[in-house]
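Trainee: pasting the structure only:
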């Protein structure tokens, strides 16, 4: 049994290295866009079929965003980002449970290199998402409060206590990147390792409840990521008390 | 950085994921969020409008109904008024006609009376003349024949028979 923490390099395309998680991310993105395109190609006032399903999903998610952001205008502004995080993470997490993921590949140096590996089981992906999330949070804070006011949260020389609180705030912003990325990466990778181990021990029937568990964890992790992003956005945009 | 590299962080892969996310973001925004959110908003606005219209229509109907009741009430009153007036007018006309009729009847009666009176007078005159004629004829007959009791009796009987 071989467990790899990192994504494996598959091949290079025009000098760009392609890893198995990149391939999966591309497939996931492609599927999302294709389904979206066909669901919204002929929008009807009375929805049916795929349009109905997509409308339901979007509406539910939008209501969640609106509830957490507590502001309809803000919800409209941040919804595309939040929804893209959510759908991509959800699809990636669940795709990792499909048969063939992590099992079909080629042997290199005696170890199996799978063609497909869940995109979120790669720190590159989750780190990229965490970076985007944290940078957007900073931009939203500056846009809402102004550069000086927002900066005061981190660089406050009014008193030694405030200075240290600001320092802690600054560190916590960087900690967010780490916590965002490792939480998602860890949960998904752990799930995959768990399934590999269970399947290795008892290949039939027993992995099934764990599959269900992983489905649940996949959805929860997607939700946690977007909920935290929204809460941090809300906090960053809230005026500082003096 | 080395710690991250131990976990498989590799800058080309990292940047590829960033780019992939950015592209996915714009495509989904274009093909998923915008059309659906627009449609949801549109539908919401339409439903709101529909509800508003329905409410207004119900109000209008209520208003119309009350107006109609008021109108009906008024019409009833007016018709009652007209009927009352008509009854009054009718009574007045009837009274007039009755009076006229009574007058005319009296006139006719009077005329009839007068005429009867005249007729009576005329008749009396005629009777008188006839009586006179008869009397003179009787006298003539008596005088022209020799009167005895036998003749007288016959004569009287003859007159009686003639008459």
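Mentor: Nice, thanks for sending it over. As the structure is a computational prediction, the values presented were derived from the model and not from experiment.

Trainee: Next, the contact list for residue A:163, please.
Mentor: A:156, A:157 (Cβ atoms under 8 Å, 6 or more residues apart in numbering or on different chains). Any C-beta I mention is one placed from the backbone N, CA and C, and that applies to glycine too.

Trainee: Residue A:98 now?
Mentor: residue A:116.

Trainee: Can you find the helix or strand in the chain with the smallest mean pLDDT?
Mentor: Since you didn't name a chain, this refers to chain A. The helix or strand of chain A with the lowest confidence, counting by mean pLDDT, DSSP states H and E, is strand A:9-13 at a mean of 77.

Trainee: wait, I meant chain B there
Mentor: Min over SSEs of chain B, mean pLDDT, DSSP H and E: helix B:149-162 (a mean of 76).

Trainee: so what secondary structure elements neighbour that one?
Mentor: helix B:34-144 (3 or more Cβ pairs under 8 Å, 6 or more residues apart in numbering or on different chains; DSSP states H and E).

Trainee: Next, find the distance separating the residue of chain A found nearest chain B from residue A:54.
Mentor: Nearest residue of chain A to chain B (Cβ to the nearest Cβ) works out as residue A:6 at 2.1 Å. Residue A:6 sits 34 Å away from residue A:54, going by Cβ to Cβ, to the nearest Å.

Trainee: and what of residue A:150?
Mentor: Counting by Cβ to Cβ, the gap from residue A:150 to residue A:54 is 36 Å.

Trainee: Over to residue A:78?
Mentor: In terms of Cβ to Cβ, residue A:78 sits 19 Å off from residue A:54.

Trainee: give me phi/psi at the spatially most central residue of chain A?
Mentor: Geometric centre of chain A, nearest residue: residue A:89, 4.3 Å, by Cα atoms, centre = their mean. Phi and psi for residue A:89, reported as degrees, to the nearest 10, are phi -60, psi -40.

Trainee: With residue A:158 instead?
Mentor: Backbone torsions of residue A:158, given as degrees, to the nearest 10, read phi -70, psi -30.

Trainee: Tell me, how many residues neighbour it?
Mentor: The local packing of residue A:158 (other Cβ atoms under 10 Å in any protein chain shown) involves 10 other residues.

Trainee: State the pLDDT value of it.
Mentor: Looking at residue A:158, its pLDDT reads 85.

Trainee: returning to what we had before: who touches the least confident helix or strand of chain A?
Mentor: So strand A:9-13 is contacted by A:17, A:18, A:19, A:20, A:23, A:113, A:115 (Cβ under 8 Å, 6+ apart).

Trainee: Give me the pLDDT for the first one.
Mentor: Which is residue A:17. Residue A:17 is given a pLDDT of 81.

Trainee: Over to the residue of chain A closest to chain B: give its phi and psi.
Mentor: phi -100, psi 160.

Trainee: Could you double-check that it lies in contact with residue A:122?
Mentor: Yes: shown here, residue A:6 and residue A:122 form a contact pair, counting by Cβ atoms under 8 Å, at 7.1 Å.
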